[in-house]
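Peer 1: this one's sequence-less:
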């Protein structure tokens, strides 16, 4: 009987010890939970404060312009381009030296059209970022000259360097050209292109550096990529920014990323991985509907439903909160086209931003 009593007493003491330890652990858990909640709250408040600070800062706006895309919409690309300077008073523009237009026949380089666009930019005191390479803005992204069809990838890449050299040599001393963009999202699998080739991109950038002292811009998807290699290789990094896209499986798909994501990601990479990169800019801010097919074949009602003027305004507000010093709007050709179809509100809103 005494043994049973002793065993009961020992068990009770053990339970009391466990209960005491449990209470001590619970206090720690409560403190940790409070600390976590406080940290989240402070982070949230901090990001909102920085959002507001950047929203109020001065930002340079520009546009990307593709004569090919303008023509595909039935616009006169040169007339639209000249009208754009009058209407929007832009000061920065991104143009592309499409390879199939620059070298339509082997060793026959034609700069007539590109000269026009660059000369008109100069007349209007507009700074040009000129994109060169195999993969450039607007679908199908990669444009190989017809005479190269059937050639090996190695031969195409060698000819690519020659075409890039010709473009840079022609415009390198032109003060209107402020920077060279090498390829467009070169490490993103998108467009009718060869597979991503990072070693060749490194070679390409190093080759361009032997030809020019002007800044080199590399771009990457703001939402789908790591940014690491493009930021390490470039002087200026440009991220794209799309808020709503069309997915063949899920339909309309909004991105839920917040401004702090782009801001913190850029700062961390520049600090720890790419210290020689000078700045991050927003190279493409969505200013037109995303479409899986050619947008001209999409019903107007669908376009207006999927991308309203309010969506446009919200995208601009969002991008300003990110804090990049330059924002290039994407969709100027569409603004003029949709205006001709009786919806000038997009062009009118763009005018309030760019003027």
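Peer 2: Yep, it's here. Everything numeric here is computed off the predicted structure, so don't read it as measured data.
Peer 1: For the chain, name the helix or strand with the lowest mean pLDDT.
Peer 2: helix 2-55 (a mean of 58; mean pLDDT, DSSP states H and E).
Peer 1: now the closest residue to residue 192 other than its chain neighbours, what's its secondary structure?
Peer 2: Among residues not flanking residue 192 along the chain, residue 140 sits closest, at 4.1 Å (CB to CB, 6 or more residues apart in numbering). C-beta: built from backbone N, CA, C; applies to glycine. Here residue 140 is coil, with the state taken from DSSP: H, G, I helix; E, B strand; the rest coil.
Peer 1: what's the burial count for residue 140?
Peer 2: 11 (other CB atoms under 10 Å).
Peer 1: do the same with the one 5 residues further on
Peer 2: Neighbours of residue 145 under the rule other CB under 10 Å: 20.
Peer 1: And the residue nearest the centre of the chain, how far from residue 119?
Peer 2: In the chain, the centroid-proximal residue (CA atoms, centre = their mean) is residue 240; its distance is 1.2 Å. According to CB to CB, to the nearest Å, residue 240 and residue 119 sit 28 Å apart.
Peer 1: Could you list the buried residues of the longest strand seen in the chain?
Peer 2: Counting by DSSP state E, the longest strand found in the chain is strand 279-286. Buried residues in strand 279-286, counted by 16 or more other CB atoms under 10 Å: 280-286.
Peer 1: Would you tell me what the next helix or strand after it is?
Peer 2: helix 300-306 (DSSP states H and E).
Peer 1: List of residues touching that next one?
Peer 2: Here helix 300-306 makes contact (CB atoms under 8 Å, 6 or more residues apart in numbering) with 244, 246, 252, 289-291, 295, 338, 341, 343.
Peer 1: Lowest-confidence one in these?
Peer 2: For the contacts of helix 300-306, the weakest pLDDT value sits at residue 246, with 62.
Peer 1: Any regions of the chain where pLDDT drops low?
Peer 2: 1-48, 50-51, 53-55, 245-253 (pLDDT under 70).
Peer 1: Run through the strands of it in chain order.
Peer 2: Under DSSP E, the chain gives strands at 60-64, 92-96, 127-132, 177-182, 216-220, 236-241, 244-247, 251-254, 279-286, 326-330.
Peer 1: can you give me how far the first one is from the chain middle?
Peer 2: The gap between where strand 60-64 is centred and where its chain is centred comes out at 13 Å by CA atoms, centre = their mean, to the nearest Å.
Peer 1: Parallel or antiparallel, which strands does that strand pair with?
Peer 2: Applying DSSP bridges, strand 60-64 is found paired with strand 92-96 (parallel), strand 326-330 (parallel).
Peer 1: quick check: domain ranges of this structure?
Peer 2: 1-56, 60-354 (automatic domain parsing).
Peer 1: okay, those, which one's buried deepest?
Peer 2: domain 60-354 (a mean of 18; mean count of other CB atoms under 10 Å).
Peer 1: for it, the distance to its chain's centre please.
Peer 2: 8 Å.
Peer 1: I'd assumed residue 121 was in contact with residue 82.
Peer 2: No. Judged on CB atoms under 8 Å, residue 82 makes no contact with residue 121 at a distance of 10.6 Å.
Peer 1: ok, residue 294 - contacts?
Peer 2: Contacts of residue 294 by CB under 8 Å, 6+ apart are 72, 139.
Peer 1: Would you confirm that residue 198 contacts residue 229?
Peer 2: Yes. Applying CB under 8 Å as the test, residue 198 and residue 229 come out as touching, 6.1 Å apart.
Peer 1: which residues are in contact with both of those two?
Peer 2: Residues touching both residue 198 and residue 229 (CB under 8 Å, 6+ apart) are residue 187.
Peer 1: What values do phi and psi take at residue 211?
Peer 2: phi -100, psi -20 (degrees, to the nearest 10).
Peer 1: And the one 4 residues further on, by the same measure?
Peer 2: Backbone torsions for residue 215, taken as degrees, to the nearest 10, come to phi -60, psi 140.
Peer 1: hang on, the earlier thing: tell me which other helices or strands the longest strand of the chain touches.
Peer 2: strand 216-220, strand 236-241, helix 259-272, helix 309-322, strand 326-330 (3 or more CB pairs under 8 Å, 6 or more residues apart in numbering; DSSP states H and E).
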